[in-house]
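A.B. asks: predicted model and sequence below, questions to follow.
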Amino acid sequence: MIPTKGYAAPSATEDLKPFSFERREVGEHDVLIDILYCGVCHSDIHQARNEWGGSIYPMVPGHEIVGKISKVGSAVTKFKVGDLAGVGCFVDSCRTCESCKEGLEQYCEVHNVGTYNSLEMDNKTVTYGGYSSQIVVDENYTLKVSEKLDPKRVAPLLCAGITTYSPIMHWKMGKGHKVAVVGLGGLGHMAVKLAASLGADVTVLSTSPSKEKDAFDLGAHNFAVTKDPEQVKKLKNTFHFIIDTVSAPHDYNLYLSMLKRDGTMVLLGAPPEPTPVAAFNLISKRKRLVGSMIGGIKETQDMLDYCAEHNIMSDVEVIPIQKINEAYERTLKSDVRYRFVIDMASLNKD
Ligand code: NAP
Ligand code: ZN
Ligand code: ZN
């Protein structure tokens with residue numbers, strides 16, 4: 001076993017603190033990754049605080065991992081020692097169901113093994129995430145990371161990047177489309193960059209008037225404050241697509257009214273409580289309300305390659321691991337510009 005240092009949530013109500021545990025030995029298809037950076041996703045907070053239910057403690061969160069390969073198993077062909085590599089939201093799946101065969105492992109019909117807060121395919125070994133010194137992952141669930149990009153700014157692509165890229169590609173958003181992004185946080189700022197890079201006309205719908213300048217700097221063409229009824233009124237019947245990245249309960253009906261006929265609203269944000277939707281807000285103009293979850297391994301690699309080619313990276317605030325609890329509080333206040341990323345070298349300071 002490989003001794004590993006990390007930070008864990010001991011329970012739903014306690015702060016994260018130092019935690020030592022063991023990783024499995026490197027199997028023939030595995031790689032060992034020394035973690036350089038790990039992004040802080042709002043899903044880490046939802047799960048550390050058991051907001052979705054079923055959390056397993058102690059929990060080492062983190063699924064936006066970038067690091068260097070330090071060991072490879074005897075049968076590994078895709079990676080060698082010294083390569084930059086990434087790990088996203090899952091580390092295994094059944095590999096045989098229809099979804100897995102189509103490269104949509106995130107929708108595995110048997111068991112999608114989360115990078116943390118999950119059980120391995122053996123249904124008993126708990127997984128621990130990227131707020132840690134190293135991780136052992138099957139090479140088929142490991143991504144190649146280009147040396148061209150800054151690794152700390154690449155880390156958030158492994159969740160925030162692919163979660164927004166996948167629906168943008170699936171519904172073919174781009175030139176000629178008016179696309180609204182609701183919530184300018186980790187996912188939201190990547191949605192703006194990606195949709196704008198594909199030629200869409202992008203509007204940010206935010207509760208934070210202070211984010212207006214940033215929205216334009218990130219590539220948006222318009223900005224509206226959703227707390228202002230006058231601004232909201234003007235947006236009725238405007239958008240072909242709305243990408244909703246909001247983490248807290250909010251009224252979907254307000255945004256549905258901003259869709260054009262045949263428009264599509266994609267839910268990415270995962271608030272813990274359900275929200276009622278009025279049927280008439282959909283049937284009156286043949287609108288669609290849909291959801292999307294992260295992306296498969298192949299699509300994640302495509303996204304990383306696309307970002308390397310177009311020089312697209314996350315805007316990050318790098319923190320030492322000792323500041324993780326503070327970063328959670330700031331994220332909850334929408335005070336993040338636009339992703340906290342942990343510099344894992346700071347683990348050695350404890
Ligand atoms: P984040 O960085 O905290 O951003 C969320 C943004 O939502 C905030 O910055 C804020 O933007 C807005 N917001 C917050 N509370 C709001 C409220 N009460 N009403 C309206 N807007 C509000 O979070 P994130 O990491 O981007 O994650 C966002 C959500 O997506 C989380 O629920 C997360 O679990 C989920 N998620 C889903 C997937 C998936 O596969 N579907 C993947 C990753 C994450 P403004 O200040 O601009 O209003
Ligand atoms: Zn995430
Ligand atoms: Zn499967």
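C.D. replies: Ah, there it is. Ligands and ions are numbered 1, 2, ... in the order given.
A.B. asks: what is the neighbour count of the residue in the stretch 201-350 of the chain positioned nearest to ligand 3?
C.D. replies: In the stretch 201-350 of the chain, the residue found nearest to ligand 3 is Gly296; the distance is 10.6 Å by Cβ to the ion. Quick note: C-beta positions are derived from backbone N, CA and C, even for glycine. Gly296 is flanked by 22 other residues according to other Cβ atoms under 10 Å.
A.B. asks: next one: the one 3 residues further on
C.D. replies: Taking other Cβ under 10 Å as the criterion, the count of residues near Glu299 is 19.
A.B. asks: may I see the buried residues of stretch 342-350?
C.D. replies: The neighbour-count check on stretch 342-350 (16 or more other Cβ atoms under 10 Å) flags 342, 344, 347 as buried.
A.B. asks: what sits against the last one?
C.D. replies: The one in question is Leu347. Going by Cβ atoms under 8 Å, 6 or more residues apart in numbering, Leu347 touches 5-7, 132-133, 321.
A.B. asks: how about the nearest residue to Tyr116 once chain neighbours are set aside, what does it touch?
C.D. replies: Distance criterion Cβ to Cβ, 6 or more residues apart in numbering; nearest residue to Tyr116, sequence neighbours excluded, is Gly129 at 3.0 Å. Neighbour list for Gly129: 38, 44, 59-63, 65, 115-117, 135 [criterion: Cβ under 8 Å, 6+ apart].
A.B. asks: rerun that using 10 Å as the cut-off
C.D. replies: By Cβ atoms under 10 Å, 6 or more residues apart in numbering, the residues touching Gly129 are 6-8, 35, 38, 41, 44, 47, 59-65, 87, 89, 91, 114-118, 135.
A.B. asks: Cys100 reaches Glu109, doesn't it?
C.D. replies: Yes. Contact criterion Cβ atoms under 10 Å: Cys100 and Glu109 qualify, at 7.9 Å.
A.B. asks: between these two, who's got more neighbours?
C.D. replies: Cys100 (20 against 13).
A.B. asks: let me see the contact set for the more buried one.
C.D. replies: Neighbours of Cys100 in contact, by Cβ under 10 Å, 6+ apart: 93-94, 106-110, 112, 296-297.
A.B. asks: and stretch 213-231, what's buried?
C.D. replies: Buried, per 16+ other Cβ under 10 Å, within stretch 213-231: 214-215, 218-220, 223-226.
A.B. asks: show me the residues you listed that map onto helices.
C.D. replies: Among these, DSSP state H puts 214-215, 218 in helices.
A.B. asks: Leu104 touches Phe90, doesn't it?
C.D. replies: No. Using Cβ under 10 Å as the test, Leu104 is too far from Phe90 to be in contact (11.4 Å).
A.B. asks: any shared contact partners between these two?
C.D. replies: Common neighbours of Leu104 and Phe90 (Cβ under 10 Å, 6+ apart) are 112, 296-297.
A.B. asks: which of these sits closest to Ala195?
C.D. replies: For the shared contacts of Leu104 and Phe90, the residue nearest Ala195 by Cβ to Cβ is Gly296; the value is 20.2 Å.
A.B. asks: quick one, what contacts the closest one?
C.D. replies: 88, 90, 93, 99-100, 102-108, 162, 166, 302.
A.B. asks: and if we set it to 6 Å?
C.D. replies: Listed by Cβ atoms under 6 Å, 6 or more residues apart in numbering, the contact set of Gly296 reads 103-106.
A.B. asks: of those - the most surrounded one?
C.D. replies: Glu105 (26 neighbours).
A.B. asks: ok, and Thr331, which helix or strand is that part of?
C.D. replies: Per DSSP states H and E: Thr331 is located in helix 324-332.
A.B. asks: give me every residue in the stretch 1-150 of the chain lying close to ligand 1.
C.D. replies: Proximity of the stretch 1-150 of the chain to ligand 1 is confined to 41-43, 46 under the rule Cβ under 6 Å from any ligand atom.
A.B. asks: which of the residues you listed lies closest to His310?
C.D. replies: Cys41 (22.5 Å).
A.B. asks: residues near the closest one, how many?
C.D. replies: Neighbours of Cys41 using other Cβ under 10 Å come to 28.
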